[in-house]
Structure formats: C-alpha cells, structure tokens
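Asks: build the 3D model from these lines:
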Amino acid sequence: MKLFQRTCLATAALLGVSSASAQTVLTVSSWLPPTHSLSTVQKEWCDLLEKNTAGKVKCNILPRGVSAAPGTYDAVKNGLADVSYTVHGYTPGRFVYTQMAELPFLGNSAESISVAFQKAAQKNPVMIAEHQGVKVITLFTHGPGIPFNTKKSITKVEDFSGLKFRVGGGMVNEMAKALGMNATLKPAPDSYELLSGGVMDGTLFPAESTLSFRIDKLIKHATIFPGGLYNTSFVFLMNQDKYNKLAPDEKKAVDAISGEVAARMYGRGWDKVDRVALGMMQANQVTVVRPDAKFIADVKARTAPLEQKWVKDAEAKGLKDAAKVLAEFRAEIAKQEK
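Replies: Model (predicted):
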C-alpha cells in the first residue's frame, strides 16, 4: 500500500513538472509606459492568448523595454524579446510599402485605417514579406495625425514655414518638408523635453499622444484636418524562431488573434483615448483650427508628389500596380467608416 502511495505521489510530481514545463512563455517588451494604449492593447492581446490556450501560452511583460523605440524591430528579430511593436518610420529606408498608410487624408479613425491596412497587406503578401526575419502579427496605425504647436494658429499652408516640428520619420518626414516645416526626426517619448525646453515649436501627433506624452498642458494650437494631415504605420511582431517552435495548436491560437483581429484591437484602443484627448484639448482651451477648402487644397497640391513617388518606389521594389493598391486601400477605409 505504501509503495502504491509513493508511486502515485511520484507520478503526480512528474505530471506536475511535465505540466509546468509544457507552458510556453513569451517575453513581451514595450518601449512606451504601461498606461499607453499600445501597451494596454498588447496586454489585452496577451491575456486573450492565455485565455484561448487555457494557460498553455502566457506572456511575461517586462517592466521596461529591451530597447529604445528605433531598435525594437531588431531586438525582436534577434531574440532579445519575443513580442513587441514598433514604428516603421523609426528605421528610415527599411520599409517602403507600409508608407502607404502614412499619407495625408486617409481616414477619421484608427480602427478603420488599421483594418484596411491589414486587409491590403493580406491581399498583397509582399507587404508582409518586407518585414524580413520576423513574424508579423498585424499592421496598424494610430488615429488621424494633427499638427500641434506652442506658437500660433496655423490657418494657411504658409503658416507652417519656419516652425520647428518633431516628426516620427517615414512618409511624415517628407510631408513635413513639403509643407515647409523645419522637421526633426525624434522618437515620440522625447516630445515633452523638446517642447518644454523650446527646442521644438510643435509636434505631429494623433490626439491620444498629447496625453500619453504629457504635452497636453504645453500645446496651445491644433489644426485638425478631415482624414488627418498624416498617419503613422506600426507593426506588431514576434520573433520568427519563437513562432516556429510553437506547437501546432499554439500557432493556431496565435494566428486566430493575429491579422484583422489584432488590427481592430489596436485601432479601437487608440480611438478610445483619442476621444478622451480631444475632450481634454477643449478643457485646456487649446485653439483648434478646422482648415477651409483652400487650405486643404493647398496641402493636397503640395503633398500630391509624395503619393506619386510612393507609387513609383513601391512598384520599383516589387508591388504590382501600386496605384490600384492605394485606391483599394482608400476605398476600404471609406467602407469601414460607413
């Protein structure tokens, strides 16, 4: 009897060890504060993955990022973290296709643009393949981009001239130059220091980021364009080797909440905080300009060559009929916003 009990206990212990060792842990990194919408959505995605796998896969969210924002892509690629997100424009020259999602006047919500962006990538696999060495979970964008500044109201295109703006890189950098801004490429977390110290006069941000980066009390003026003056594209990514080593059912669980599902999660999360931030702008008495038809037309005239250049560059890199891809992308955004 005692032998039998000892055997049962030993078996239970072995099963316990086996069960514990069977759990897959993903190391997850964020270069933004845990309260930022991108960090909270990343956690929601992790929680959903753990729930859908009955705890077989879980995330270990690190207390701080393994890298500053510009180095995050390579940090995931090289295995310093298993999962994270980053901005395509933080590594200039690396991504071409994704700049499509950074053009002016795309749409009025992060959710609609993000879902349309992911759908375009699924339809045109070279857009996913451009992300070499990693597993793309989804592509997404923030909400409509707004020029904020501390100096003056911007009511015509000439008002941009000479103002020093922080930009995040990518297409927005070229757009800023086309509009006459004095643009400097700096990561978003640097914004408070740049504005409070007078190094920069303004920044290009979605509404949400005025709260996330604590500049809501610094900015005095905002110019809100229909569809956004610009946007920023992001990738939510996983280390390729880590994904390859997942069990088949684990891969299936990851894939089930990738693509459009994850894009919609990120978009909705961003839109929610955008709405809060727009309300705070009113409370803080930020002067808001809604551009008239001439101002919008002038911006479109100055930025049209960027769209033409993107079509040319994308086709040169291998995207077939880039103008059609862009037109379908815009049409899908409009469809999502109905």
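
Asks: stretch 157-167: which residues count as buried?
Replies: Under the neighbour-count criterion of 16 or more other CB atoms under 10 Å, stretch 157-167 has 157, 159-160, 163-167 buried. No exception for glycine: its C-beta is placed from N, CA and C like everyone else's.

Asks: against Tyr90, how distant is the nearest residue to Ser209 once chain neighbours are set aside?
Replies: Using CB to CB, 6 or more residues apart in numbering and skipping residues adjacent in sequence, the residue nearest Ser209 is Ala188, 6.2 Å away. Ala188 sits 9 Å away from Tyr90, going by CB to CB, to the nearest Å.

Asks: same question for Ala120.
Replies: 21 Å.

Asks: swap in Gln336?
Replies: Gln336 sits 26 Å away from Tyr90, going by CB to CB.

Asks: these two: which is more packed in?
Replies: Tyr90 (23 against 18; other CB atoms under 10 Å).

Asks: what residues are shared contacts of Ala188 and Tyr90?
Replies: Jointly contacting Ala188 and Tyr90 under the rule CB atoms under 8 Å, 6 or more residues apart in numbering are 69, 168.

Asks: show me where pLDDT drops low in the protein?
Replies: By pLDDT under 70, the weakly predicted segments of the chain are 1-21.

Asks: so for it, the centremost residue is which one?
Replies: Phe234 (3.2 Å; CA atoms, centre = their mean).

Asks: any idea which element that one lies in?
Replies: Element membership of Phe234, judged by DSSP states H and E, is strand 233-239.

Asks: that strand packs against which elements?
Replies: helix 37-52, helix 72-77, strand 83-87, strand 134-141, helix 260-283 (3 or more CB pairs under 8 Å, 6 or more residues apart in numbering; DSSP states H and E).

Asks: name the helices or strands packed onto the helix or strand just after the shortest one?
Replies: Using DSSP H and E, the helix or strand that follows strand 83-87 towards the C-terminus is helix 110-123. The elements that helix 110-123 packs onto, with contact taken as 3+ CB pairs under 8 Å, 6+ apart, are helix 126-129, strand 134-141, helix 260-283, helix 322-336.

Asks: now the ones you listed as TSV including distance to Ala69?
Replies: Shown next, in TSV, are those (distance: least, CB to CB, whole Å):
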stretch	distance to Ala69
helix 126-129	22
strand 134-141	16
helix 260-283	16
helix 322-336	25
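
Asks: most neighbours per residue, which of the ones you listed?
Replies: Most buried of the helices and strands packed on helix 110-123, by mean neighbour count (mean count of other CB atoms under 10 Å): strand 134-141, with a mean of 26.

Asks: list the contacts of that one.
Replies: With contacts defined as CB under 8 Å, 6+ apart, strand 134-141 is touched by 45, 73, 76-77, 83, 98, 101-102, 106, 110, 113-114, 117-118, 121, 127-128, 231-240, 242-243, 254, 258-263, 266-267.

Asks: what are the pairing partners of the next helix-or-strand element following that strand, and which direction each?
Replies: Later in the chain than strand 134-141, the nearest helix or strand by DSSP H and E is strand 146-149. Sheet pairing of strand 146-149 (DSSP bridges) gives strand 202-205 (antiparallel), strand 221-223 (antiparallel).

Asks: picking that back up, so which of the helices and strands packed on helix 110-123 is nearest Leu62?
Replies: The closest of these to Leu62 is strand 134-141. By CB to CB, the value is 17.4 Å.
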